[in-house]
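Engineer: here is the input, now give the coordinates:
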Amino acid sequence: MIDGSPCCGAGQRFWEALAVVDASGRVLRQAAMDRLTQLDAAGELSSDHVRLTSETLGVAERTVWRWLSARRTKTTPAQRVRFRIDDRLRVRLAYWRGNAAALHRELVAAAAAGGAPAPDLRTVQRAIQRDLTAGELAGLRSGERARRRFDVFLKRPPSFRNAAWEGDHVEAAVQVEVDGRLVKPWVTWFVDATHNVILGVAVTPQTPSRESILAALRASISRSEPYGPAGGLPSVVRVDQGKDFLSRTVGRRWAHSRSGWSICLVTPRI
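Structural biologist: Okay, here's the model as predicted:
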């Protein structure tokens, strides 16, 4: 046995052995318990070693002793069964519009009728917070519109450049003087959906038409100065139900590009 402060002698060597290990929870625990097992087998294990290990791992001393006991008997400590919100409970929670207390009352009633034991209310609340995202919980409580507030804006699945473009018109929130009068200009643009890069734009002082679409399209396809470096030929172009994007003139321009493109009509989400 080694007495005295763990910062001296074997205790110091024990700390140094831990310090060189990657300080991530699982790896550090494995290294610490390996070292304690070696000291235990050599008859040199002291309570100071256990205390130092508990402080390093951020757990109670009795937890370290329990791990060491499992090492001695070569058994794996039993993992605590944690209450979770599974698919069935998600459905029940939806009926209660995300109300944890209502779901808990239902579980208590089911237990009284001979079902599985019911957890306490705080356990149910923790499980809901852990297993459901903020968006899912908002959707259960207030509907789909509330859930969408937690969506990542313009999130797209990983893809490659020019895999899909999106085209649209937008009225700018500014006023400019055109021929002595103030108007709000319109912007026509195409965006690479994978990288959110604006490929080409056309600004007009009046309602956009096929001419503005063709101007923005030319700027998007061209990659030489003053355009680019983004641009090229897309595989798919997503547009809304605007007739100008589907006009014969625009269609012929795409046909001449020989890009093998296809148009995907998108209905705006309400």
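
Engineer: and this structure, split by domain according to the record?
Structural biologist: Following automatic domain parsing, the chain resolves into domains at 10-73, 87-148, 164-265.

Engineer: so which of the ones you listed comes closest to Pro157?
Structural biologist: Among those, domain 164-265 comes nearest to Pro157, with 8.8 Å by CB to CB. In this view, the C-beta of every residue, glycine as well, is placed from N, C-alpha and C.

Engineer: where does the stretch 1-150 of the chain have low pLDDT?
Structural biologist: Across the stretch 1-150 of the chain, the ranges flagged by pLDDT under 70 are 1-25, 75-80.

Engineer: where do the helices sit along it?
Structural biologist: 10-19, 25-41, 47-57, 61-73, 87-95, 100-112, 121-131, 134-142, 144-148 (DSSP state H, counting those that start in this stretch).

Engineer: deepest-packed of those helices, please.
Structural biologist: Compared across the helices of the stretch 1-150 of the chain, helix 47-57 shows the largest average neighbour count, a mean of 18 (mean count of other CB atoms under 10 Å).

Engineer: ok and that helix relative to helix 25-41, angle-wise?
Structural biologist: Here helix 47-57 runs at 180 degrees with respect to helix 25-41, directions being taken by axes from the mean of the first three to the mean of the last three CA atoms, to 10 degrees.

Engineer: so how far is helix 47-57 off the chain centroid?
Structural biologist: Distance of helix 47-57 from the chain centroid (CA atoms, centre = their mean, to the nearest Å) equals 36 Å.

Engineer: return that helix as PDB; C-alpha atoms alone will do.
Structural biologist: The C-alpha trace of helix 47-57 is given here as PDB (Å, rounded to 0.1, in the frame of the first residue of the first chain):
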ATOM      1  CA  SER A  47      -8.000   5.200  -1.600                       C
ATOM      2  CA  ASP A  48      -6.000   8.200  -2.800                       C
ATOM      3  CA  HIS A  49      -5.800   6.600  -6.200                       C
ATOM      4  CA  VAL A  50      -9.500   6.100  -6.300                       C
ATOM      5  CA  ARG A  51     -10.200   9.700  -5.100                       C
ATOM      6  CA  LEU A  52      -7.900  11.200  -7.700                       C
ATOM      7  CA  THR A  53      -9.600   9.100 -10.400                       C
ATOM      8  CA  SER A  54     -13.100  10.200  -9.300                       C
ATOM      9  CA  GLU A  55     -12.000  13.900  -9.400                       C
ATOM     10  CA  THR A  56     -10.500  13.500 -12.800                       C
ATOM     11  CA  LEU A  57     -13.500  11.700 -14.300                       C
END
